[in-house]
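Enquirer: Dropping a prediction and its sequence here:
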Amino acid sequence: MAPNYPEPGTIWKSGTEYEISWFDDKKSPSISKAWTKFKIDFMTGDNNNQKFLKNVARDLDASQINSINWTAPAVKPHSAIYFLMFTNEKGDNAWTTRFAITDEEDKLSKPQHAVQPDGAKIPWGVGRMVSDAKGFPLSNVAYSMTPAMASAAERNAAVEIAVSNNSNQKIKLSFSILFLSAAASLLNL
């Protein structure tokens, strides 16, 4: 699996639809064997502390398609600190490079950090979504997890809670009892 768009230097505008594409890099395993069921998540953060922002698509089959369209959400800050993580059902991952999302003013800021925590010279930062593609505001809730934890949480999500900050708007959060108990055991709680 080799994601190839967005590519380095890509700048998207929130509210605009873009193509996300990938190809088979001819390395083993091939995408027609290992990537017949995968998902794409919208992410931010450094290389080792990636933060999930939104699921882009799930149950994709790379043996049948090589791209999808997705509408860029409204985010802050407007910087090249966002990326897409592809995850197959075995937990293998592939990533796009970092790209920027801007608004109607097209103003970009520099990433918050010029160097990764491990010293790699890859700029990064932590962003957040401020509204979905239709312009509905979102909460400022963010959480951090490894790619394996994100996959486990998604597979085991069992409880849905509706949270409302006003009568016209509800934000649904899914929690996993299994995920929470696994996280607690990892932290020796």
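Expert: In hand now; what should we look at?
Enquirer: Export the lengthiest strand in the chain to PDB, keeping only CA atoms.
Expert: Longest strand in the chain by number of residues (criterion: DSSP state E): strand 50-60. Output of strand 50-60 as PDB, limited to C-alpha atoms (Å, rounded to 0.1, in the frame of the first residue of the first chain):
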ATOM      1  CA  GLN A  50      -0.500  10.400  16.300                       C
ATOM      2  CA  LYS A  51      -3.900  11.900  17.200                       C
ATOM      3  CA  PHE A  52      -7.100  10.700  15.500                       C
ATOM      4  CA  LEU A  53      -9.400  13.400  14.300                       C
ATOM      5  CA  LYS A  54     -12.000  11.700  12.100                       C
ATOM      6  CA  ASN A  55     -12.600   8.500  10.100                       C
ATOM      7  CA  VAL A  56     -12.600   9.200   6.400                       C
ATOM      8  CA  ALA A  57     -13.800   5.800   5.000                       C
ATOM      9  CA  ARG A  58     -14.000   2.200   6.100                       C
ATOM     10  CA  ASP A  59     -14.400  -1.200   4.500                       C
ATOM     11  CA  LEU A  60     -12.500  -0.200   1.400                       C
END
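Enquirer: Could you tell me which strands that strand is paired with, and in which direction each runs?
Expert: Strand 50-60 sits in its sheet next to strand 38-45 (antiparallel), strand 143-144 (antiparallel), going by DSSP bridges.
Enquirer: Run through who's touching the longest one.
Expert: Residues from elsewhere that reach strand 38-45, judged by CB atoms under 8 Å, 6 or more residues apart in numbering: 1, 20, 50-62, 68, 73, 81-89, 95, 124-129, 144, 150, 154. Just so you know, the C-beta spots here come from the backbone N, C-alpha and C atoms, and that holds for glycine as well.
Enquirer: Strands along the chain, start to end?
Expert: 2-5, 11-13, 17-23, 38-45, 50-60, 67-71, 74-76, 82-88, 93-95, 100-102, 128-131, 143-144, 159-166, 169-175.
Enquirer: Dump those into TSV; add distance to Gln116 as well.
Expert: Below are those laid out as TSV (distance: least, CB to CB, whole Å):
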stretch	distance to Gln116
strand 2-5	19
strand 11-13	22
strand 17-23	24
strand 38-45	10
strand 50-60	12
strand 67-71	26
strand 74-76	20
strand 82-88	13
strand 93-95	13
strand 100-102	18
strand 128-131	20
strand 143-144	15
strand 159-166	34
strand 169-175	30
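Enquirer: Tabulate these in a markdown table, adding columns for mean pLDDT.
Expert: Shown next, in a markdown table, are the strands of the chain (pLDDT from 0 to 100):
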| stretch | mean pLDDT |
| --- | --- |
| strand 2-5 | 96 |
| strand 11-13 | 96 |
| strand 17-23 | 97 |
| strand 38-45 | 98 |
| strand 50-60 | 97 |
| strand 67-71 | 97 |
| strand 74-76 | 96 |
| strand 82-88 | 97 |
| strand 93-95 | 96 |
| strand 100-102 | 96 |
| strand 128-131 | 87 |
| strand 143-144 | 46 |
| strand 159-166 | 41 |
| strand 169-175 | 39 |
